[in-house]
Structures are given as structure tokens and as C-alpha cells.
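>>> requesting a structural model of the entry that follows:
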Amino acid sequence: MAPIPKLFCPIRGELRVSAHTKDGLKFSEEKRRIEAIVFLLDRGYPRDHIRVEKTLITLGHKGKNSLRADIVVYDRPCIEVIPLARELQRTHTLLVAEIKRENQDAESAIKNQLEPALRLLPNTQAVGIYWDDVEQRLLYKVIKGQSENVLEAPIAFLPDFGQSVNRNQLRFADLSPSPDLVGLFQKIEDTLHHYVVDKTARFQILMQLLLVKMYDEKKHKLSTESLGLQDFTVIEMDDDNLAKRFNTLLSSGLALYQKYLPDEVDSEFDLPPQALREVSKLLAPINLLSGDPDVIQSFYMYFAKQLYKWDLAQYFTPYEVVDFIVRIINPQYGEDIKDPACGSADFLTAAFRHLKSVDDRAGDRVWGADSSRQAVQISILNMLLNDDGKSNIREEDSLVNVNRDRDKYKIMLCNPPFGVKIVEKRSEVLAKFDLGKGKKQQETGILFAELCVKQASKDGRIAIILPNGYLARSTLLMRIVLRVEVPLGSTIASSLERVVERFSFPSFPSSEPLLPPSSPP
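Predicted coordinates for the structure are as follows:
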């Protein structure tokens, strides 16, 4: 019998939650609750004021229609409030939260559960939180004359404990990475579907939105100024100025990124302002470029498949494998890195992420090439999503140009196309390789292994994924410094079978990246 997965809640301690308990609560929903509680604690809400699973009011026969909150926060410690009558407990409630494991019922949960619960609270400064795997929203009260209105805002506007909401402009520091970029952009696509029926056209618009978002984050990353992209369901802006704002951001994004993109991107949004307003609600609060690498890769595979009609699941190297290899090869300050068969740029994005923590010119150090124009397209998109503003990826046949970059790169990374049916037959290309001379054909993977040796500097390092048996075929391939065996059909969990001998180089750099010198060389 499989063990029951465990979660740790900072309020309730260790939880033993099965995948589907008697009352319908699932493991994923409990995880969402913990995320929301951790968020509140990080924002300074007192631990002893937070209570989980609270009935606010009992309705119907035996309370079957009771209005409940997943989380409540009181204005004083729970131990002082719990003994009070339920009506008095509500007078001390400052926050109620509704937590859902999935986003599909978000609108209904906000309108039919969270908003009524918030209206029940006498305190005009009380707020509500909605939290799921895609969206996190804040609800707060506004008194206008004799009316009490409930408004929505990004979760970043959650006030300090006991205070009221007092701002409506997002700054870069307010942004949070999305735990599910695929789910988020699927919801954005669903929003666009009401305005644009053609799926290809929708993904072209999503590409425009990506450029807007990436540009806005890069521009304001070190700034305390308000972002250009705001939640325009909160900020009052007329339709003309809203469209102008989006098109101005897009124009600036294209000025920065278009030179790296293989295909032309339209310079204006062909959408009504209301569609842009709805999209801004979803896109503005997230931090796109600082997300978890696994989350970004999942989103990238989904997005590239739809935009470029390429099923990356057939080609990409699992992130766990790539990250493992890059950490072993350990790129250092000032080291140039190349992948001569970059495919979808999985090696390059991992190397760039590793290197940029110690080298502010990391974008100048990472190079890639592929003979497929489609591969170049999606590689550039992958690098941009990983915050690379340089994208040194070009469309070329690396085997033809093997001698152009001899002894040039400190690190060569490669997962070449291999297999007995993937062969090189061009005599002029075979003549450039020791393992190709005099042959009518040679496996492409073997030639790429020799290419890595030729283009690595004399004291360089090579990390390459090869099938079993390649090293036994030639002493030349014994110069490869690292081999990770990935058996055909293996799962991600078993793909990191073992690391074998380090052939030419007896020692790698230390596992800790070296700090740059006081002045760049």
C-alpha cells in the first residue's frame, strides 16, 4: 500500500491528506491552503490570529447551507475569539479566504462564496482572498454614500495587518511567479476566444502579449516606478488610452526583441479595449521571467507547440537531466559555451541561468546553432522566456562549419541527433572528420561528438549525451569529459542512471561558481 502523502501546515502542523477524502477535499486543495497561509505569514499576519475552516453563518436545515471560509484572520488571537458567539466572532474578523484547487470555478466561487462572506463582516476594512492554481485575487470594500461596494484587485495590494487597501499601481517588486503558466495562458486564450475565433490568430496575439510582458519586466526590474502593464480592471483608464498603452509597450518590446525573432510580429494589437482589459487582469500580477525553470519549460513546450506546430515532447531533453549535467560541468565567469545542435535550447537555457548568477555578460557567452529554422525559432523563444536579451542562436549546419570555430569554446554542451538511421552521406562533410574520412556514411551523432572535441578549447570541458557503446568505438571519443546514459523509453526518474569516468580532465571547477574578479578581464 502506497504511503499517504504528507503536507506541513505552519498553523496546523503535519497533515495526512489522502488523494480524495470523505468530504471531497483533495490533496491539491490542501496544498493551495498552505500556500495562502504561508503568503499571509510572509506579509506579517500573526500566526495566532489565523484559523482554518470556519463557519461564518449557519443557514438552512441543520446548517446544510452554511457559509464557510477556508481561512479567517481575526483582529486578536484565536484563543480569545473562539469562545465568543458566532455573530461576535464576525465582528473580529479582518480577512476571509476561499481556496480552490482548480481555476475553472473561479468566477462562481468569488461571486457566490467569497463576496457574500466578505459582505457579512461588519468591519469596513475587512478583505477577502481568492486563491487557486492560476489566480490569486484580493476583494475589498468601498463605501460610496449609502452603498457598500466590493471591488477586486491583484493580491499584491493586500494591506498590512489591520490596515485598509490604499494603492492600485503594481510595481516590479509586487509581482509573483505563477505556479502554472500553462493554466494561466490557457485562461488568457479562453478570454481571447470570445474576440478571436481563429486559434492561430489567438497565439499570435499571445506572442504579442509575451513581448509586452517581457519588455515591461526588464525595464522595471531595478526600478520602484509603476509598471506599464497594470490590472486595468482596477485602474480607471478610457479605451483609447488603454489601447495606446498596450501598443506603446508592444512597440518598445519589438524594438528590443524583434531582431532576434525569425518571424515578423504585428506592431499593433487587433483587439477591442475590453479584451485587453480582461487580459491585463490575468497577466499583470505575475512575474514571468523569474519563474521556476520547470514551470517555464512546461509553458514553453505548450506555447511553442501551438505557435510553431512542433511537438517538443518528441525532442526536448528532460529538465532534470539538463540541469544535472550543467551543474556538473559548472560554467564559470567569462567562459564561452556552445551547443552545436541546440534543438529547443534546453542546454543553453540551463547554462544561461547558471552563468548569469556569476557573470553579468552571460548573454554574450552562450551560443547555439541548428540546421532547422523551426528549431532556431523555438530556441530563441526559449532563451527569451529565460530572460536572455542576446540570443546568440543562428541557423546553420554545424557539421559543414566544423573547422570555423576550432578550439574556440571553453564548454561544449550537446544532445546530438543519434541513431543508425540518422547518418551523414555528404562526402565533402565526411572529409572534415577523422571519423568520417574514407567512409560513404557515418552516424550523425558520432560526427557531433568529434565536432565537440574540435571546437572545445585545449583546456575546455565537454558534456554530451550519447547512447551506449559510442565510447567503445573510437579512442577519439574518449576525450569526451562526461557521459550520461539515457536509455530509450526511460522515465525522467530513471534517466540519470550514472555519471562515468572523466576522461581528459581529472578535475572540474569546484561545485560553487567562482565569483568574478574585481574588474572584468
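
>>> pLDDT at the residue at minimal distance from the centre of the chain, what is it?
For the chain, the residue nearest the mean C-alpha position is residue 296 (2.9 Å; C-alpha atoms, centre = their mean). On pLDDT, residue 296 comes in at 78.

>>> wait, what's in contact with it?
The contact partners of residue 296, taken as C-beta atoms under 8 Å, 6 or more residues apart in numbering, are 181, 385-386. C-beta: built from backbone N, CA, C; applies to glycine.

>>> any idea how far residue 71 is from it?
Residue 296 sits 29 Å away from residue 71, going by C-beta to C-beta, to the nearest Å.

>>> in the chain, which residue sits furthest out from the middle?
Residue farthest from the centre of the chain, counting by C-alpha atoms, centre = their mean, is residue 438 at 48.0 Å.

>>> helix/strand/coil for that residue?
With DSSP: H, G, I helix; E, B strand; the rest coil as the basis, residue 438 sits in coil.

>>> what strand or helix carries residue 7?
strand 6-9 (DSSP states H and E).

>>> whichever helix or strand comes after that strand pairs with which strands?
Next along the chain after strand 6-9, taking DSSP H and E as the criterion, comes strand 13-16. Strand pairing for strand 13-16, determined by DSSP bridges: strand 6-9 (antiparallel).

>>> before we move on, back to that, distance check, the residue farthest from the centre of the chain against residue 120.
Taking C-beta to C-beta, one finds residue 438 at 85 Å from residue 120.

>>> what about residue 461, distance to residue 129?
Per C-beta to C-beta, residue 461 is found 49 Å from residue 129.

>>> who's residue 67 bridged to?
Beta-bridge partners recorded for residue 67 (DSSP bridges): residue 57.

>>> thought it was touching residue 115?
No. At 10.9 Å, residue 67 does not count as touching residue 115 under the criterion of C-beta atoms under 8 Å.

>>> show me the domain layout of the protein.
48-161, 181-283, 314-495 (automatic domain parsing).

>>> low-confidence stretches in this protein?
1-5, 17-27, 57-65, 307-317, 389, 419-420, 468-521 (pLDDT under 70).

>>> can I get the lengthiest helix in the chain in CSV, CA atoms only?
If you go by DSSP state H, the chain has its longest helix at helix 199-220. The C-alpha trace of helix 199-220 is given here as CSV (Å, rounded to 0.1, in the frame of the first residue of the first chain):
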residue,chain,number,x,y,z
LYS,A,199,-6.7,29.6,-32.9
THR,A,200,-3.6,30.6,-34.9
ALA,A,201,-4.5,34.3,-34.6
ARG,A,202,-5.0,33.9,-30.9
PHE,A,203,-1.5,32.5,-30.4
GLN,A,204,-0.1,35.4,-32.5
ILE,A,205,-1.8,37.7,-30.0
LEU,A,206,-0.3,35.7,-27.1
MET,A,207,3.1,36.2,-28.7
GLN,A,208,2.5,40.0,-28.7
LEU,A,209,1.4,39.8,-25.0
LEU,A,210,4.6,37.9,-24.2
LEU,A,211,6.7,40.6,-25.7
VAL,A,212,4.8,43.3,-23.8
LYS,A,213,5.3,41.4,-20.5
MET,A,214,8.9,40.6,-21.0
TYR,A,215,9.8,44.2,-22.0
ASP,A,216,7.9,45.7,-19.1
GLU,A,217,9.6,43.4,-16.6
LYS,A,218,13.1,44.0,-18.0
LYS,A,219,12.5,47.8,-18.0
HIS,A,220,11.3,47.9,-14.4
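
>>> what angle do helix 199-220 and the helix or strand following that helix make with each other?
Of the helices and strands lying after helix 199-220 in sequence (DSSP H and E), the nearest is helix 239-257. Put simply, helix 239-257 runs at 80 degrees to helix 199-220, going by axes from the mean of the first three to the mean of the last three C-alpha atoms, to 10 degrees.

>>> could I get the buried residue list for helix 239-257?
Applying a neighbour-count criterion of 16 or more other C-beta atoms under 10 Å, one finds 242-243, 245-247, 249-250, 252-254, 257 buried in helix 239-257.

>>> CA atoms only: put it into PDB for me.
Taking C-alpha atoms only, helix 239-257 is exported to PDB below (Å, rounded to 0.1, in the frame of the first residue of the first chain):
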ATOM      1  CA  ASP A 239     -10.500  52.800 -24.000                       C
ATOM      2  CA  ASP A 240      -8.400  55.000 -26.300                       C
ATOM      3  CA  ASN A 241      -5.600  55.500 -23.700                       C
ATOM      4  CA  LEU A 242      -5.700  51.800 -22.800                       C
ATOM      5  CA  ALA A 243      -5.200  50.700 -26.500                       C
ATOM      6  CA  LYS A 244      -2.400  53.300 -26.800                       C
ATOM      7  CA  ARG A 245      -0.700  52.000 -23.600                       C
ATOM      8  CA  PHE A 246      -0.700  48.400 -24.900                       C
ATOM      9  CA  ASN A 247       0.600  49.400 -28.400                       C
ATOM     10  CA  THR A 248       3.300  51.600 -26.900                       C
ATOM     11  CA  LEU A 249       4.500  48.700 -24.800                       C
ATOM     12  CA  LEU A 250       4.400  46.400 -27.800                       C
ATOM     13  CA  SER A 251       6.400  48.800 -29.900                       C
ATOM     14  CA  SER A 252       9.100  49.000 -27.200                       C
ATOM     15  CA  GLY A 253       9.100  45.200 -26.900                       C
ATOM     16  CA  LEU A 254       9.500  44.800 -30.600                       C
ATOM     17  CA  ALA A 255      12.400  47.300 -30.700                       C
ATOM     18  CA  LEU A 256      14.200  45.100 -28.100                       C
ATOM     19  CA  TYR A 257      13.300  41.600 -29.300                       C
END
